[in-house]
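Enquirer: Sequence and predicted structure are below.
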Amino acid sequence: MRTLSQNTVPESARESVAADPSAPSEPSATSAATAPPVIAVRDVRISDRVTDREIVHGVGFELTPGKSVGIVGESGSGKTLTCRAVLGILPPHFEVSGGSVEIDGTDISTLTPRQWTDLRGTTVGAVFQDPASYLNPSIRVGAQIAEVIRVKKGVKRREARRQSLELLRAVRLRDPELVHSQYTYELSGGMLQRVLIAAAIAVEPRALIADEATTALDVTVQAEILDLLAELRERTGLALVVVSHDLAVVAQLCDEVLVMRQGEVVEQGPTRSVLHDPRHEYTRLLMAEHESYGLDTFLAPKEAS
């Protein structure tokens, strides 16, 4: 299992991308040309109807099977709004005011509520920062996963229970039978995040959006969750959108990165290129801050003056 220091510095991230054969590689031109995108975001603009102000200014990326795209930036930069636009769950007074989003070749602006219900979970799933907010504290977690399977797959209760136990094993929970029967308050943050991932992949979506999915977790659990996502991607061809403020997370998991600031993509490209040779002033600032406050700075021997 790989581990990540909290706020790992970009220098080490650069080295891991360059030297680690398990690090994500840039997709080949052939595979990119032959595989149609699961998610295609084209010049998307998001506006607030209350203030009549554009909040997100022209975000675009394509996500093909097995590919991972990272979105980084400070709070309020538009990362989460972009993901919510893709999922069709923007807050009531926000709207996609320009551009388009396609999921599996279908423009989401044409989807009915019923079609959205059918699409979520089966084609695209999501995992968010605070798993306890997305799980019902009055229902055992295993029953919640089983309910997703019953509704989406139409299987009977016994089969749904069997599949939910398999999912809890797949996300590396040590005692799936015990966890299956527990409530949210009986589980740690890392265990709850695994349960939420199990629910998100229960009906084998083609793409998963992980919005700050490791931010609230301690360093060891964060590394385990990142390893789990990488394993799911390699084993199933799951496409990933990873939203994070941490460049080290993106370095470990993503092929391509978008750097956002104040609703605008200021830099975009293959992860290796952006980490090795940042072009925009804001990207360089993010790198410098990580270098200043990363753990490696305090562990490195001081140079002689």
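Expert: Cool, the structure landed. Computed from a predicted model, the values in this text were never measured in an experiment.
Enquirer: Now do the helices in the stretch 51-200 of the chain.
Expert: Secondary structure of the stretch 51-200 of the chain (DSSP state H, counting those that start in this stretch): helices at 79-87, 113-119, 141-153, 157-170, 176-180, 189-200.
Enquirer: Just say which of those helices is most tucked in.
Expert: Taking mean count of other CB atoms under 10 Å as the contact definition, the stretch among the helices of the stretch 51-200 of the chain with the greatest mean neighbour count is helix 189-200, which reaches a mean of 24. C-beta: built from backbone N, CA, C; applies to glycine.
Enquirer: Check what contacts it and list those residues.
Expert: Judged by CB atoms under 8 Å, 6 or more residues apart in numbering, the contacts made with helix 189-200 from elsewhere in the structure are 121, 125-128, 131-132, 134-135, 141, 144-145, 148, 164, 167-168, 170-173, 179, 184, 187, 208, 213-214, 216-218, 221, 224-225, 228-229.
Enquirer: out of these, which are buried?
Expert: In terms of neighbour count (16 or more other CB atoms under 10 Å), the buried residues within the contacts of helix 189-200 are 121, 125-128, 131-132, 134-135, 141, 144-145, 148, 164, 167-168, 170-171, 173, 179, 184, 187, 208, 213-214, 216-217, 221, 224-225, 228-229.
Enquirer: which helix of this protein spans the most residues?
Expert: With DSSP state H setting the assignment, residue counts place helix 219-236 as the longest helix in the chain.
Enquirer: Parallel or antiparallel, which strands does the helix or strand following it pair with?
Expert: Using DSSP states H and E, the next helix or strand after helix 219-236 towards the C-terminus is strand 239-244. According to DSSP bridges, strand 239-244 forms sheet pairs with strand 68-73 (parallel), strand 207-211 (parallel).
Enquirer: Summarise which helices and strands the next helix or strand along the chain from strand 239-244 is packed against.
Expert: Past strand 239-244, further along toward the C-terminus, the next helix or strand under DSSP H and E is helix 247-253. For helix 247-253, the helices and strands in contact under the criterion 3 or more CB pairs under 8 Å, 6 or more residues apart in numbering; DSSP states H and E are helix 10-19, strand 68-73, helix 219-236, strand 239-244, helix 271-276, helix 281-293.
Enquirer: What residues sit buried inside the longest one?
Expert: Within helix 219-236, the residues that qualify as buried by neighbour count (16+ other CB under 10 Å) are 221-230, 232-233, 236.
Enquirer: Pull it out as CSV, backbone CA atoms only.
Expert: Output for helix 219-236, consisting of C-alpha atoms alone and laid out as CSV, is shown next (Å, rounded to 0.1, in the frame of the first residue of the first chain):
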residue,chain,number,x,y,z
VAL,A,219,-3.4,10.4,6.3
THR,A,220,-3.3,6.6,6.4
VAL,A,221,-7.0,6.1,5.6
GLN,A,222,-6.6,8.7,2.8
ALA,A,223,-3.9,6.6,1.2
GLU,A,224,-6.0,3.4,1.5
ILE,A,225,-9.0,5.1,-0.1
LEU,A,226,-6.8,6.4,-3.0
ASP,A,227,-5.4,2.9,-3.5
LEU,A,228,-8.9,1.5,-3.5
LEU,A,229,-10.0,3.9,-6.2
ALA,A,230,-6.9,3.1,-8.3
GLU,A,231,-7.6,-0.6,-7.9
LEU,A,232,-11.2,-0.2,-9.0
ARG,A,233,-10.1,1.8,-12.0
GLU,A,234,-7.6,-0.8,-13.1
ARG,A,235,-9.8,-3.8,-12.4
THR,A,236,-13.1,-2.5,-13.9
